[in-house]
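Trainee: Quick one: sequence plus predicted model below, questions after.
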Amino acid sequence: MEKYRDGQRELHCVFVDLEKAYDRVPREELLYCMRKSGVSEKYVRVVQNMYERSRTVVRCAVGQTEEFKVEAGLHQGSALSPFLFAMVMDQLSEEVRQESPCTMMFSDGIVICSESREQVEKRGMKVSRSKTEYMCVNEREGSGTVRLQGEEVKKVQEFKYLGSTVQSNGECGKEVKKRVQAGWNGWRKMLGVLCDRKISARIKGKVYRTVVRPAMLYGLETVSLRKRQESELEVAELKMLRFSLGVTRLDRIRNEYIRGTAHVGRLGDKVREARLRWFGHVQRRETLMETGMSHRLSNTGMANGESNQSQITRMEILKDILGGFGGINREN
């Protein structure tokens with residue numbers, strides 16, 4: 001998204017949620033996807049026998065119904081069902097992945113990204129229309145709308161995907177505010193421990209690092225934080241630590257002493273550690289899918305050059321690699 005915003009080009013994203021996905025998988029489609037994925041015919045027949053002539057009843061307060069056949073859907077509670085569902089989703093979305101620059105999938109949630117609005121319109125999967133939404137990054141005037149079987153898909157300026165808020169302008173301000181709120185929610189849940197005067201500062205710091213901080217750091221390794229946003233996170237963290245230790249601003253105790261007492265390092269340093277860890281995962285991927293995609297996006301006619309935001313992102317990673325966050329307070 002940042003690359004397209006830098007190049008002043010539109011990127012059309014459709015967030016697809018399949019309608020009752022587990023219960024709508026046709027048995028013939030399941031067997032077809034298994035064979036297409038290269039599964040041995042012996043195992044295909046085993047699965048076929050599992051689902052053949054399956055019957056069920058419905059129990060309610062006044063009794064139960066007669067048996068009836070179940071001709072679609074996967075077995076609920078089976079350890080094999082998630083694997084079969086992933087195989088079906090992989091095959092059904094293969095054509096979409098080939099035609100779109102980027103397709104992200106998690107369970108039955110799919111994000112289709114394309115430079116062309118028409119390209120994201122012509123897919124025909126059974127989707128939940130109430131949960132499917134469309135967002136345009138770097139939108140220009142008259143970019144139009146996306147229609148699904150004649151009905152207009154709801155257009156949004158932001159969308160929450162896998163717990164992170166994606167904004168159409170490519171910014172991360174709302175996501176940072178939600179991370180701060182998530183941190184406070186976690187802190188309030190542990191209020192009885194964190195504000196107990198009988199518990200040592202070391203234990204309070206350990207509880208904070210285990211329960212509260214992960215909620216604040218969730219997903220931030222892929223976000224290009226500005227100094228103001230990083231400061232917003234650290235201010236919230238220090239407020240929590242001061243409340244936990246029974247210290248106010250009037251006590252005139254330095255932030256470094258507060259962190260040292262609770263054995264909690266700077267939050268900005270932890271964000272940089274997470275960013276380097278994520279960068280290493282991307283670089284080590286055997287398929288080079290994300291890396292290749294990044295190169296492809298960077299060369300898709302970005303005629304206007306890189307913006308300051310892209311340069312900031314690269315400089316942040318470079319500083320992290322060169323040890324720009326040295327001197328971290330060790331947490332133990």
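Mentor: Noted; the coordinates are in hand.

Trainee: So which residues of the chain form strands?
Mentor: Assigned by DSSP state E, the chain shows strands spanning 11-17, 55-56, 59-60, 63-64, 68-69, 102-106, 109-114, 133-137, 147-148, 151-152, 154-155, 158-161, 164-167.

Trainee: who's in contact with the last one?
Mentor: Taking contacts as CB atoms under 8 Å, 6 or more residues apart in numbering, the residues outside strand 164-167 that touch it are 1, 13, 135, 157-160, 173-175, 178, 218-219, 222. For the C-beta atoms, the positions are set from N, CA and C on the backbone; glycine is no exception.

Trainee: For these, which PyMOL command selects only the ones that are buried?
Mentor: Entered in PyMOL, the line below selects the buried ones among the contacts of strand 164-167, by 16 or more other CB atoms under 10 Å:
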select buried, resi 1+13+135+159+175+178+218+219
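
Trainee: Can you flag the weakest of the strands of the chain by average pLDDT?
Mentor: Mean pLDDT across the strands of the chain is lowest at strand 102-106; the value there is a mean of 56.

Trainee: And the helices in the stretch 101-250 of the chain, which stretches?
Mentor: 117-121, 173-189, 191-194, 201-207, 213-217, 227-245 (DSSP state H, counting those that start in this stretch).

Trainee: will you turn these into CSV that also has distance to residue 258?
Mentor: Shown next, in CSV, are the helices of the stretch 101-250 of the chain (distance: least, CB to CB, whole Å):
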stretch, distance to residue 258
helix 117-121, 49
helix 173-189, 15
helix 191-194, 13
helix 201-207, 9
helix 213-217, 15
helix 227-245, 5
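
Trainee: For these, which has the smallest mean pLDDT value?
Mentor: Among the helices of the stretch 101-250 of the chain, helix 117-121 carries the lowest mean pLDDT (a mean of 48).

Trainee: is residue 160 in a bridge, and if so with what?
Mentor: Judged by DSSP bridges, the bridge partners of residue 160 are residue 165.

Trainee: Run through the stretch 201-332 of the chain and note the low-pLDDT ranges.
Mentor: Along the stretch 201-332 of the chain, the parts satisfying pLDDT under 70 run over 285-332.

Trainee: try it again with 90
Mentor: In the predicted model, the stretch 201-332 of the chain carries pLDDT under 90 at residues 217-231, 247-253, 255, 259, 265-332.

Trainee: Leaving out chain neighbours, which residue sits closest to residue 74?
Mentor: Sequence neighbours aside, residue 81 is the residue nearest to residue 74 in space, at 4.3 Å (criterion: CB to CB, 6 or more residues apart in numbering).

Trainee: Pretty sure the one you found sits against residue 87.
Mentor: No. With contact defined as CB atoms under 8 Å, residue 81 does not reach residue 87; the gap is 10.6 Å.

Trainee: returning to what we had before: need the contacts of strand 164-167 in TSV (columns: distance to residue 49).
Mentor: Shown next, in TSV, are the contacts of strand 164-167 (distance: CB to CB, whole Å):
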residue	distance to residue 49
1	46
13	41
135	44
157	50
158	47
159	42
160	41
173	55
174	51
175	48
178	48
218	43
219	43
222	44
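
Trainee: Report the separation between residue 188 and residue 66.
Mentor: 51 Å (CB to CB, to the nearest Å).

Trainee: Ok, residue 76 next?
Mentor: 21 Å.

Trainee: on that earlier part again, so residue 188 and residue 66 - more neighbours on which side?
Mentor: residue 188 (12 against 7; other CB atoms under 10 Å).

Trainee: ok, that one to residue 57 distance?
Mentor: Applying CB to CB to residue 188 and residue 57 gives a distance of 45 Å.

Trainee: Ok, residue 71 next?
Mentor: On the measure of CB to CB, residue 71 and residue 57 end up 15 Å apart.

Trainee: swap in residue 234?
Mentor: For residue 234 relative to residue 57 (CB to CB), the value is 58 Å.

Trainee: and if you look at residue 241?
Mentor: 56 Å.

Trainee: out of those two, which sits in the busier spot?
Mentor: Neighbour count, other CB under 10 Å: between residue 241 and residue 57, residue 241 has more, with 23 against 10.

Trainee: residues in contact with that one?
Mentor: Counted by CB under 8 Å, 6+ apart, residue 241 has contacts 205, 208, 258-259, 262, 264.

Trainee: ok, now residue 51?
Mentor: The neighbours of residue 51, taking CB under 8 Å, 6+ apart as the test, are 27, 30, 75.

Trainee: before we move on, what about residue 55?
Mentor: 67-70.
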